[in-house]
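1. got a sequence here, can you build the structure:
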Amino acid sequence: MPANKPPVSVLGLGMMGSALAAAFLKAGHPVTVWNRSPAKTGPLVAQGALPAKTAAEAVAESPLVVFCLLTNDNVRELFATLPDADAEAVVGKTLVNLTNGTPAQARDLADWAAEHGAHYIDGGIMAVPQMIAGPHAYVLYSGDEQAYETHRSTLAAVGDTKWTGTDPGLAALHDLALLTGMYGMVLGVMQAFALVRTENIPATEFSELLVPWIGAMLAGAPEWAEAIDSGRHLTDVSSIAVNHAAFPNFLAAFRDQGVRADLFEPFQAILDRAMTEGYEADGLSRIADLLRARS
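-> Next comes the predicted model:
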């Protein structure tokens with residue numbers, strides 16, 4: 001094992017937390033682990049991790065403390081127990097929260113950390129547990145930039161590191177935005193499969209057409225992004241007016257084929273609004289502006 005690797009504590013040993021701890025161990029770091037259910041520490045202890053009896057004990061063992069719990073409410077509750085155990089429990093520690101959450105929650109946790117003398121980094125893991133430490137895994141980080149740079153090489157053990165900014169909420173914002181794109185794609189794919197299955201077309205057969213089609217359409221994302229950033233949405237490719245005229249066919253086909261239209265009906269309302277507000281010549285990039293809540 002490489003010498004002098006800095007120690008890490010990992011709190012929360014679900015599938016993802018266990019994968020993170022295993023990656024730190026594999027990279028040669030001394031790792032202390034803690035979980036509400038102590039039995040989950042067993043496999044990692046067998047790999048060389050040290051079990052902590054309490055969360056405060058785990059925090060005390062390492063300058064870098066990684067939290068990977070179910071929700072940020074769980075993280076907030078756990079944070080609140082630490083000063084009760086030891087008034088100096090988190091002073092000078094770098095707390096890295098890799099729990100999925102919202103930007104507002106990340107900022108709240110960062111405020112708590114600052115009030116208690118700790119450094120706070122929020123993170124968004126862009127990988128499933130099986131991908132951790134692999135070539136395609138990466139983690140978004142935001143918050144205390146100096147602490148991030150100090151521990152960056154250690155954090156790299158679980159995946160590539162991508163800094164998003166000093167606002168603690170930016171990693172969560174990027175994480176949720178990327179997942180929003182993923183879920184939008186998944187919902188569209190499931191709707192497509194549901195539609196073709198009404199005529200007994202195997203989903204495996206249809207996927208041979210669907211996958212390259214989605215890939216080809218996604219290639220237009222950089223052009224949409226440029227239009228959104230510049231505010232210039234006019235297009236000669238596929239205007240709001242063209243899509244507005246064609247979209248009722250989708251809802252009619254879903255109805256005729258016995259497929260629920262719950263996922264697509266809201267899009268009709270957005271197209272209707274775009275037409276009403278005079279955006280008929282714009283491209284679909286205009287929708288990003290229309291989705292912003294009005295004051």
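2. tell me how far residue 286 lies from residue 239.
-> 9 Å (C-beta to C-beta, to the nearest Å). From N, CA and C alone the C-beta is placed, and that goes for glycine too.
3. who has more neighbours, these two?
-> A direct count of neighbours by other C-beta atoms under 10 Å for residue 286 and residue 239 places residue 286 higher, at 24 against 20.
4. the more buried one against residue 274, yeah?
-> Yes. Between residue 286 and residue 274 a contact is recorded at 6.1 Å, counting by C-beta atoms under 8 Å.
5. now do the shared contacts for the two.
-> residue 240 (C-beta atoms under 8 Å, 6 or more residues apart in numbering).
6. so in the chain, where's the weakest helix or strand by average pLDDT?
-> helix 72-85 (a mean of 87; mean pLDDT, DSSP states H and E).
7. past it, which element shows up next along the chain?
-> strand 94-97 (DSSP states H and E).
8. which residues sit against that following strand?
-> 63-67, 72, 75, 79, 106, 109, 113, 118-123, 141, 144, 147, 150-151, 155.
9. among the residues you listed, which are in helices?
-> 72, 75, 79, 106, 109, 113, 147, 150, 151, 155 (DSSP state H).
10. farthest-separated two in these?
-> 72 and 150 (23.7 Å; C-beta to C-beta).
11. show me which of those two is the more surrounded one.
-> Neighbour count, other C-beta under 10 Å: between residue 72 and residue 150, residue 72 has more, with 22 against 16.
12. just give the closest residue to that one, not the sequence neighbours.
-> Sequence neighbours aside, residue 101 is the residue nearest to residue 72 in space, at 3.6 Å (criterion: C-beta to C-beta, 6 or more residues apart in numbering).
13. and the helices in the stretch 151-295 of the chain?
-> For the stretch 151-295 of the chain, applying DSSP state H, counting those that start in this stretch gives helices covering 170-197, 203-218, 221-230, 240-257, 265-276, 286-290.
14. number of nearby residues for residue 129?
-> 16.
15. repeat that for the one 10 residues further on.
-> Burial of residue 139 is recorded as 22 neighbouring residues (other C-beta under 10 Å).
16. run through who's touching whichever strand or helix holds it.
-> Applying DSSP H and E as the criterion places residue 139 in strand 138-143. Strand 138-143 has contacts (C-beta under 8 Å, 6+ apart) with 96, 98, 106, 110, 119-127, 148, 155, 158-172, 174-175.
17. so among those, which ones count as buried?
-> 96, 98, 106, 110, 119-127, 148, 155, 158-159, 161, 163-164, 167-172, 174-175 (16 or more other C-beta atoms under 10 Å).
18. which residue of this structure sits farthest from its center?
-> Residue farthest from the centre of the chain, counting by C-alpha atoms, centre = their mean, is residue 256 at 36.8 Å.
19. how close does it sit to residue 227?
-> The value you get for residue 256 to residue 227, if C-beta to C-beta is used, is 34 Å.
20. over to residue 148?
-> Applying C-beta to C-beta to residue 148 and residue 227 gives a distance of 33 Å.
21. how about residue 14?
-> 40 Å.
22. the two: which is more packed in?
-> Set residue 14 next to residue 227 and count neighbours by other C-beta under 10 Å: residue 227 wins out with 20 against 15.
23. name the nearest residue to the more buried one, sequence neighbours excluded.
-> residue 285 (3.9 Å).
24. so that neighbour makes contact with residue 231?
-> No. Contact between residue 285 and residue 231 fails when scored by C-beta under 8 Å: they sit 9.7 Å apart.
25. more neighbours: which of these two?
-> residue 285 (23 against 9).
26. quick check: can you list the domain ranges of this structure?
-> As assigned by automatic domain parsing, the chain contains the domains 8-166, 174-290.
27. what's the closest non-adjacent residue to the residue nearest the centre of the chain?
-> Closest residue to the average C-alpha location of the chain: residue 175 at 3.2 Å, with C-alpha atoms, centre = their mean. The shortest distance from residue 175 to any non-neighbouring residue, by C-beta to C-beta, 6+ apart, is to residue 124 (2.7 Å).
28. for the one you found, name its beta-bridge partners.
-> residue 140 (DSSP bridges).
29. wait, what's in contact with it?
-> 98, 100, 139, 140, 171, 172, 174, 175, 176, 178.
30. what do you get if the cut-off is 6 Å, keeping everything else the same?
-> Taking C-beta atoms under 6 Å, 6 or more residues apart in numbering as the criterion, residue 124 is in contact with 140, 171, 172, 175.
31. so the third one is in contact with residue 106, correct?
-> This means residue 172. Yes. Under the criterion of C-beta atoms under 6 Å, residue 172 makes contact with residue 106 at 4.8 Å.
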